[in-house]
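>>> Here you go, sequence then predicted model.
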Amino acid sequence: MKAAYIDETGPPEVIQVGELPTPELESQQVLVRVGAVAVNPIDTYIRGGANYFPLPTPYIVGCDLAGTVEAIGPDVTQCSIGDRVWGSNAGIFSRQGSFAEYAAVDECWLYPTPASVSDEEAAAIALVGITAHLGLFLRGQLQEHECVMINGGSGAVGSTLIQMAKAAGANVIATAGSEEKLTVCRNLGADLAIDYRAKNLNEMVREFVPEGVDLYWETAREPDLDRGIGLLAKWGRMILIAGREARPVFPVGPFYSKCCTLLGLVMFAASSEEQRVCGEEINRLLATKTLRPKIDRVLPLSEAAGAHRIQEEATIHRRGNLCGKIVLKP
Ligand SMILES: NC(=O)c1ccc[n+]([C@@H]2O[C@H](COP(=O)([O-])OP(=O)(O)OC[C@H]3O[C@@H](n4cnc5c(N)ncnc54)[C@H](OP(=O)(O)O)[C@@H]3O)[C@@H](O)[C@H]2O)c1
């Protein structure tokens with residue numbers, strides 16, 4: 001089968017696209033004929049040598065996928081041949097990744113794809129949709145009519161958060177870095193969209209929500225805790241998802257005196273049961289078109305290295321004009 005893989009970690013150019021054997025199934029695995037995959041920042045960290053866990057050699061890159069069930073192991077109970085499925089969690093904890101014509105995936109990480117949803121859309125929402133749902137509801141305990149602020153609302157995670165938070169009945173403030181991306185945030189449902197460089201950002205937020213923000217979601221890898229915690233309401237919560245190297249100043253006074261809570265989240269730490277709750281709710285939102293994955297571009301799998309470069313430029317170096325997911329098709 002055709003696959004995008006690495007023999008050693010390094011820059012995007014270490015990704016090769018070539019022939020590898022079609023994977024053998026373990027008893028609880030499903031062989032998915034891949035229709036589409038999506039690039040995530042973590043794919044680039046792993047390929048770059050982040051060393052979160054040992055990698056098989058060769059290592060097929062990628063976490064997310066959507067496609068059609070081609071074969072099932074003897075202990076599979078939820079999936080049948082011919083079913084359309086999507087999921088994340090490939091390529092981590094020493095498992096093989098998804099960027100190939102076929103992927104063997106434990107059935108616990110797969111969800112049925114609604115008939116009205118394309119493989120491109122399902123792959124694009126996988127990791128970011130589960131992350132957003134875990135953070136807003138399991139970790140963040142978001143309630144109807146609360147105010148959520150998303151720092152980085154036009155990105156892949158941010159664009160999903162805006163839509164999910166609106167669907168839950170929250171008021172949403174989003175930041176972005178250009179007029180075009182502020183318009184994207186508004187079109188996704190943000191009630192207030194602000195340039196994250198605006199000198200009067202704090203004033204604009206306080207004018208919109210004088211009591212402060214109930215849930216502040218930071219997508220940046222170098223979080224400004226002083227600003228975020230400063231904007232929180234009494235009993236406010238802040239969610240951090242990025243920045244392993246970051247060691248920001250922590251504003252103790254405003255944090256404890258407002259009885260705030262700081263929540264960390266890594267999607268892969270959630271159990272398959274917790275993630276399935278997210279998958280089922282994402283399916284409901286996708287099927288009703290309440291949630292529309294933000295796809296920036298669709299490329300052939302042969303351009304996996306270029307796709308990694310574009311993702312890395314956008315997320316790490318903050319260059320380029322990516323706005324949502326890069327989807328690849330084998
Ligand atoms: N912990 C987890 O489970 C988990 C899961 C998914 C992702 N993540 C992490 O979350 C981060 C975002 O992922 P993603 O897929 O959404 O990446 P992305 O699509 O590249 O989005 C990055 C976002 O950061 C914004 N941004 C850039 N500079 C900023 C600044 N100075 N202030 C505020 N926002 C700024 C961008 O806004 P503009 O484009 O408008 O400039 C964009 O919205 C990555 O670091 C990723 O590794 C963690």
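Cool, got the structure. Numbers count the residues shown, from 1 in each chain.
>>> helix or strand for the residue lying closest to S118 once chain neighbours are set aside, which one?
In space, and not counting its chain neighbours, S118 is closest to A36: 7.6 Å by CB to CB, 6 or more residues apart in numbering. All C-beta spots, glycine's among them, are computed from the backbone N, C-alpha and C. Using DSSP states H and E, A36 sits within strand 29-38.
>>> Likewise for A66?
strand 65-72.
>>> hang on, the earlier thing: can you see whether the strand holding A36 contacts the ligand, counting any residue in it?
No. Judged by CB under 6 Å from any ligand atom, strand 29-38 stays clear of the ligand, getting no closer than 9.6 Å.
>>> what about that strand, average pLDDT?
On average, the pLDDT along strand 29-38 is 98.
>>> follow-up on the earlier one: in this structure the residue nearest to S118 contacts L301, no?
No. Using CB atoms under 8 Å, A36 is not in contact with L301, being 9.5 Å away.
>>> Neighbour count: those two, which is higher?
Set A36 next to L301 and count neighbours by other CB atoms under 10 Å: A36 wins out with 25 against 20.
>>> contacting residues around the more buried one?
65-67, 118-120, 122-124, 298, 327-329 (CB atoms under 8 Å, 6 or more residues apart in numbering).
>>> Could you report the neighbour count for T175?
T175: 26 surrounding residues under other CB under 10 Å.
>>> what about the residue lying closest to it once chain neighbours are set aside, distance to N171?
Once flanking residues are discounted, T175 sits nearest to Y196: 3.9 Å by CB to CB, 6+ apart. According to CB to CB, to the nearest Å, Y196 stands 18 Å off from N171.
>>> Mind listing the strands whichever strand or helix holds D296 pairs with, and their directions?
If you go by DSSP H and E, D296 is part of strand 295-300. Partners of strand 295-300 in the sheet, by DSSP bridges, are strand 325-329 (parallel).
>>> so how far is the helix or strand that the strand holding A36 is followed by from its chain's centroid?
Heading C-terminal from strand 29-38, the first helix or strand you meet, by DSSP H and E, is helix 41-47. Averaging C-alpha positions (CA atoms, centre = their mean, to the nearest Å) puts helix 41-47 12 Å from its chain's average.
>>> Show the contacting residues for the residue in the stretch 51-200 of the chain that the ligand sits nearest to.
For the stretch 51-200 of the chain and the ligand, the shortest gap (CB to the nearest ligand atom) falls at G155, measuring 2.2 Å. By CB under 8 Å, 6+ apart, G155 lies in contact with 219, 315, 323-324.
>>> if we can go back for a sec, and the direction of the strand holding A66 versus that of strand 325-329, what angle?
Calculated by axes from the mean of the first three to the mean of the last three CA atoms, to 10 degrees, strand 65-72 forms an angle of 40 degrees with strand 325-329.
>>> got the buried residues for strand 65-72?
65-70, 72 (16 or more other CB atoms under 10 Å).
>>> what does stretch 182-192 give?
Using 16+ other CB under 10 Å as the test for burial, stretch 182-192 gives 182, 184-186, 188-192.
>>> ok, now stretch 161-172?
Neighbour count says stretch 161-172 has 161-168, 170-172 buried, by 16+ other CB under 10 Å.
>>> How far away from the center of its chain is it?
Its chain's C-alpha centre and that of stretch 161-172 lie 16 Å apart, by CA atoms, centre = their mean.
>>> Quick one: end-to-end length of it, please.
9 Å (CA to CA, to the nearest Å).
>>> So which residues on the chain come close to the ligand?
40-42, 127-128, 131, 151-152, 154-158, 175-177, 181, 196, 219-221, 241-242, 265-267, 314-315, 318, 322.
>>> Just the buried ones from these?
Using 16+ other CB under 10 Å, the buried members of those are 40-42, 127-128, 131, 151-152, 154-158, 175-176, 181, 196, 219-221, 241-242, 265, 267, 314-315, 322.
>>> What are the phi and psi values at the nearest residue to A287 once chain neighbours are set aside?
Closest residue in space to A287, ignoring its immediate chain neighbours: P114 at 4.1 Å, by CB to CB, 6+ apart. Main-chain torsions, P114, degrees, to the nearest 10: phi -60, psi 150.
>>> P114 - how many residues pack around it?
Residues within reach of P114, counting by other CB under 10 Å, total 17.
>>> Check K234 too.
For K234, the neighbour count with other CB under 10 Å is 11.
>>> contacting residues around the residue most central in space within the chain?
For the chain, V128 is the residue whose C-alpha lies nearest the centre (CA atoms, centre = their mean; 2.0 Å). Counting by CB under 8 Å, 6+ apart, V128 touches 40, 156-157, 160, 325.
>>> again with L225
Residues counted as contacts of L225 (CB under 8 Å, 6+ apart) are 238, 248-251.
>>> closest to N202 among those?
Closest to N202 out of the contacts of L225 is P251 (13.2 Å), distances taken as CB to CB.
>>> quick one: pLDDT of the closest one?
At P251, the model reports a pLDDT of 98.
>>> Against the ligand, how distant is it?
As judged by CB to the nearest ligand atom, to the nearest Å, P251 and the ligand stand 17 Å apart.
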